[in-house]
Each structure stands twice: as C-alpha cells, then as structure tokens.
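In: After the sequence you'll find the predicted model.
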Amino acid sequence: MLELVKAGGWPMIPLLLLSAVALAIVVERCWALRRKAVLPPGLGDEVRAWAARGRLDPTHIESLRQTSPLGALLAAALDVRNRSREEIRERIEDIGRHLVHRMERYLNALGTIAAAGPLLGLFGTVVGMIQMFMGVMDHGVGDVNQLAGGIGKALVCAAAGMIVAIPALMFHRHFRARIDGYIVEMESEAIRLMDAMDPRSRRPATAGAPVAPAVGEPALAVQG
C-alpha cells in the first residue's frame, strides 16, 4: 500500500486527507444516527401517557426535549398544546426543519468528498501524463522506465480517487435514506400525540347510549 502511495506521487496527499475526513464523518454519523438515539423505543407511548395523566409540567417537558430528536419534536408540540391544531402543526413543522438540519450535519461535506474524489484522481492522472510527456521530451521514447512511471502514477491516482469517492457516495445516500425514514416516523409520532391531546378524540362515543328524557317529559316504561 505504501508503495502505491509513493507511486502516485504528491497528488495522493489530498486524496489521503479526504479519505481520513470521510472516514471520520462516516463513523460520527453512524454513532449520531443510531435508531435508539433518534427514536428511543417506547418514548411516544410514554409521552402520550403523560398527556393522558396530565403530567405536563415544564420539568417533564424540558427533560423530554433533551432526550433525542423525537423528544425535542414532541416537546415542541407540548409547548403549544393549548393552541389550535393548526398552530401545533406549524410548530412541529418548524422544529422538524431544525432537527432535519441537525441530523444532516456533515453530510454536505461527505457529498463534496464523493464528488471531489474522482476529480482529484483525474488531476493526478493529468499530472502523471504531463510528467510522462516531459520525460519523452527530455529522454526520448527509448526510456521505458520514465514512460512506465508516468503511466503508473496516472493509474494509481485515478484508482485512489475512485476508492475515496465510491464509499463516500454510498454512505452519503445511506444516511440520507435513514434520515428520511426517521422523519416519517417522527411525523407519525407527532400526529399521534396531537390526536391524544385533541379533546375531540377523548369525547366518549354516544352511539347506542340511552337518551335522557327532556325536562317535564315522562320516561318510557320498560316493557316486560
């Protein structure tokens, strides 16, 4: 491996730096976007139970906000629970945009690395070809080692650029898809909490219930 890096020449230095940055971003995002860190299991049911029991004091809401992105979204809905459903939805959408931006942290840099890797590899290829032709001009076509060195540098840089870009692109798409899935589930939990806080959803059903007689109207006797 070290010999290949040496064969690629100085254009390999930025490629190695990009590969190190890409690896750091992938490791950090894998840790930050764990499912239990974004969508703790059972958190939605617990918050709806809070709402049902009326345990919605500021201390509970603030502790919920610090747990996870889902907790922050549900806490935002609880902050405006006494307003209309439309206002609650607007608050959820506003906080959701901030949470998506937070979850997409460093992904633009990872996408830039995926796009820049092949370009740097192409740059190394051009440098290698230039050195090869400069050697031909100085020593003629009889120096096979000079030709082989220039071609080898060009091929090594091109391969290194693809080695850096392909995994970066794959992880970039993977993280984007994971975040999209989290967004759908967070929206579903927020809607279920809105339904639980809506007084109309807690109104008892009246279908089939006996109707009380009006004032001054005698009740019907039960026929035997």
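Out: Structure's in. What do you need? Nothing here was measured: the structure is a model prediction, and the numbers come from that model.

In: Let me see the contact set for the spatially most central residue of the chain.
Out: Centroid-nearest residue in the chain: Ile179, 3.3 Å away (criterion: CA atoms, centre = their mean). Residues in contact with Ile179 (CB atoms under 8 Å, 6 or more residues apart in numbering) are Leu33, Val100, Met103, Glu104. The way it works is simple: take the backbone N, C-alpha and C, and place the C-beta from them, glycine included.

In: Now the two most distant members of the residues you listed.
Out: Greatest spacing in the contacts of Ile179, by CB to CB: Leu33 and Val100 (11.9 Å).

In: Show me which of the contacts of Ile179 are buried.
Out: Burial by neighbour count, 16 or more other CB atoms under 10 Å: within the contacts of Ile179 this picks out Leu33, Met103.

In: Among the contacts of Ile179, which lie within helices?
Out: Of the positions in the contacts of Ile179, Val100, Met103 sit in helices, assigned by DSSP state H.

In: and which of the contacts of Ile179 is nearest Gln66?
Out: The shortest approach to Gln66 among these belongs to Met103, at 16.1 Å (CB to CB).

In: was I right about that closest one contacting Gly181?
Out: No - using CB atoms under 8 Å, Met103 is not in contact with Gly181; the gap is 11.2 Å.

In: Show me the shaky parts of this structure.
Out: Low-confidence segments of the chain (pLDDT under 70): 1-8, 55, 135-150, 199-224.

In: which helix of this protein spans the most residues?
Out: Assignment by DSSP H; longest helix in the chain turns out to be helix 144-197.
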